[in-house]
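S.K.: Here's a sequence, model it:
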Amino acid sequence: MSASLVHDFDWIARQLPDAPALSWHGGVWTYAQLRRAVGCMQGRLRELPPGARVALLVRNSPHYVASYFGVIAAGCVAVPLNVQERASVLSRQIEHAGCDAVIADPLHQEWGALTAAIGATVPLVVTLDLQPGPAGCDAFCAALTGEAATEPELTLLERQVEAPAMMIYTSGTTSRPKGVLLSNGNLVANARAIAAYLQITPTDKVLCGLPFHFSYGSSVLNSNLISGAQLLLEDNFAFPQQTLKKMQDEGVTGFPGVPSTFALLLGRCQLSDFDLSKLRYLTQAGGSMPRAQIEKLRQQLPHTQVFIMYGQTEATARLSYLAPEHLEAKLGSVGMPLPGVEIEVRSEGKVVATGEIGEICARGPNVMLGYWREPELTSQVLRDGWLHTGDLGHVDSEGFLYIDGRAVEMIKVGAFRVSPQEVEEVLATFPGVQEVAVTGVADEVLGQSIKAVIVLREGAPADLRGIKAHCRQHLASYKVPKIVEFAAALPRTSSGKVQRFKLA
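M.R.: All right, here's what the predicted structure looks like:
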């Protein structure tokens with residue numbers, strides 16, 4: 001059986017060739033143009049064997065989208081990289097994935113250091129000119145085809161549902177990267193399910209500032225482009241008033257965000273000051289959002305549907321959603337499973353009683369193939385056909401799911417997951433640091449921010465400015481601790497393990 005995102009995309013692109021697909025920096029790519037660009041990238045990668053891993057170091061842009069779909073169309077595995085990362089992490093991920101090719105923006109700030117790090121280990125390097133405006137598609141295709149007499153047409157290859165199509169790295173990656181391997185079937189199943197419950201149609205215009213190299217952003221991209229909707233790509237939300245004005249002027253109908261996105265918009269703006277009458281729905285995922293914030297959204301946007309969603313990268317993106325009609329009665333819930341997805345709350349291998357807390361387990365067509373090159377870790381998470389999420393929760397008497405916490409120690413900073421161990425490893429290299437432990441603390445805007453507690457060597461100065469500068473040099477900006485404290489000792493259990501909850 002053959003199925004892939006490219007099949008769904010190709011079908012809608014043929015139906016709506018002149019419809020706008022992507023808007024970016026004042027330019028619009030139609031579905032026909034995007035389909036043409038996807039075919040050109042597929043042709044550029046034609047020499048690669050099926051299943052070859054292709055890294056993508058490209059920020060949100062039509063060029064990223066064409067490259068991403070082009071990689072999958074070529075029968076390869078797209079490996080999107082976090083454009084905010086440092087060369088040391090990027091090169092480690094490229095090496096770990098065993099990439100046969102890298103597609104990159106040569107103006108990326110880490111590109112020089114990255115090319116030096118990977119050397120000649122990657123057989124094929126494709127650099128892109130991220131030209132905005134109407135000529136962007138022509139320039140993209142011309143660079144890929146060179147002096148060829150004709151451009152290659154997008155060709156639909158026979159691809160098995162279980163064949164790998166994408167690999168997403170779930171965190172900043174320490175010495176052991178964790179790549180979630182997703183199949184064609186995973187991507188298609190999740191995209192179709194999301195498109196169905198959001199009722200996405202070609203009349204929708206969705207403003208997206210979520211990074212495509214993470215599962216939430218990727219799911220927004222996939223579900224809209226197989227539905228014929230238009231995506232307006234936003235670089236960031238640093239100026240929320242401009243974002244809201246754009247939503248007003250463009251008649252945006254859909255807007256996805258994480259809790260920090262909505263905290264920023266609500267904290268700096270009065271949404272009712274803008275004409276958002278065409279805004280049909282909002283979606284929220286990427287961590288829990290305070291109930292007061294949800295209520296404020298509903299008050300300021302009474303005619304807009306709010307979808308609260310839950311999932312994780314290991315489930316492609318989405319496991320459950322709370323439909324708007326249940327928001328008032330089930331405030332605090334993440335809803336019911338997607339069609340085709342089963343969810344159980346378990347403790348010690350058994351399903352717990354209603355209202356009892358346990359680990360959330362799931363199975364369905366969206367559950368990953370496994371972790372790349374991590375058979376032991378995969379077997380720990382995928383057991384008896386079920387995904388063990390590491391999240392704690394409970395269900396009520398009507399089957400609605402509630403999240404009660406995380407069994408793992410990842411820190412959720414806005415849309416990002418940060419590994420405490422990675423930050424600790426960097427801090428441990430600073431002169432005078434004897435021990436360090438990192439945890440997440442509550443943050444009104446970001447959900448969580450990073451706190452580091454440091455034990456200094458005897459006689460070492462408490463150089464806070466130097467420590468912050470050291471972190472900025474070696475870590476992406478969102479991984480730099482917001483709070484740094486010094487202590488005589490770290491709280492530990494009798495077995496010597498650090499008690500992170502006491503650090504907060």
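S.K.: Contact partners for the residue nearest the centre of the chain?
M.R.: Residue closest to the average C-alpha location in the chain (CA atoms, centre = their mean): F214, at 1.7 Å. Applying CB atoms under 8 Å, 6 or more residues apart in numbering to F214 gives the contacts N82, I168, T313, A415, F416. Just so you know, the C-beta spots here come from the backbone N, C-alpha and C atoms, and that holds for glycine as well.
S.K.: Looking at those residues, which one is closest to E342?
M.R.: Relative to E342, the closest of the contacts of F214 is T313; by CB to CB it sits at 18.9 Å.
S.K.: So what does that closest one have for phi and psi?
M.R.: phi -60, psi -40 (degrees, to the nearest 10).
S.K.: Tell me the spacing between it and T261.
M.R.: Per CB to CB, to the nearest Å, T313 is found 19 Å from T261.
S.K.: out of the contacts of F214, which are inside helices?
M.R.: Mapping these onto helices (DSSP state H) picks out no residues; all lie outside.
S.K.: which one of those residues is nearest S23?
M.R.: A415 (21.2 Å).
S.K.: That closest one - how many residues pack around it?
M.R.: A415 has 22 neighbours, counted by other CB atoms under 10 Å.
S.K.: now do G432
M.R.: So G432, with other CB under 10 Å, has 15 neighbours.
S.K.: could you measure it against A460, distance?
M.R.: G432 is 3 Å from A460, by CB to CB.
S.K.: Equivalent analysis for W24, please.
M.R.: Taking CB to CB, one finds W24 at 49 Å from A460.
S.K.: cool, G349 as well?
M.R.: For G349, the distance to A460 - CB to CB - is 48 Å.
S.K.: Between the two, which is the more surrounded one?
M.R.: Counted by other CB under 10 Å, G349 and A460 do not tie: A460 has more neighbours, with 15 against 9.
S.K.: care to break this protein down by domain?
M.R.: Taking automatic domain parsing as the criterion, the chain consists of the domains 5-186+223-234, 411-503.
S.K.: Tell me who's in contact with the residue lying closest to L456 once chain neighbours are set aside.
M.R.: Leaving aside its chain neighbours, L456 sits nearest to G432 (5.4 Å; criterion: CB to CB, 6 or more residues apart in numbering). G432 makes contact with L456, R457, A460, P461, D463 under the criterion CB under 8 Å, 6+ apart.
S.K.: And the next helix or strand past the helix or strand containing Q299?
M.R.: Using DSSP states H and E, Q299 maps to helix 291-300. Downstream of helix 291-300, the next assigned helix or strand under DSSP H and E is strand 305-310.
S.K.: Note down every partner strand of that following strand and its orientation.
M.R.: strand 281-284 (parallel), strand 320-322 (antiparallel) (DSSP bridges).
S.K.: Q473 is nearest to which of these?
M.R.: strand 281-284 (33.9 Å).
S.K.: can you list the residues that contact that closest one?
M.R.: 198, 220, 253-259, 262, 294, 297, 301, 304-309, 324.
S.K.: State the mean pLDDT of that strand.
M.R.: What strand 281-284 shows for mean pLDDT is 97.
S.K.: Return the distance of that strand from the chain's centre.
M.R.: Chain-centre distance of strand 281-284: 16 Å, with CA atoms, centre = their mean, to the nearest Å.
S.K.: who's in contact with I12?
M.R.: Y31, P202, L225, I226, S227, G228.
S.K.: Any buried residues in stretch 365-377, and which?
M.R.: P365, N366, V367, M368, L369, G370, Y371, W372, E374 (16 or more other CB atoms under 10 Å).
S.K.: Out of those residues, which comes closest to A73?
M.R.: Among the buried residues of stretch 365-377, and counting by CB to CB, the member closest to A73 is L369, at 19.6 Å.
S.K.: With A117 as the reference, measure out to the closest one.
M.R.: From L369 to A117 the distance is 28 Å (CB to CB).
S.K.: try Y281
M.R.: Separation of Y281 from A117 (CB to CB) stands at 43 Å.
S.K.: neighbour count winner among the two?
M.R.: Ranked by neighbour count (other CB under 10 Å), Y281 and A117 place Y281 first, with 19 against 16.
S.K.: any idea how far whichever strand or helix holds R35 is from the chain center?
M.R.: Assigned by DSSP H and E, R35 belongs to helix 31-44. Here helix 31-44 is found 24 Å from its chain centre; the criterion is CA atoms, centre = their mean.
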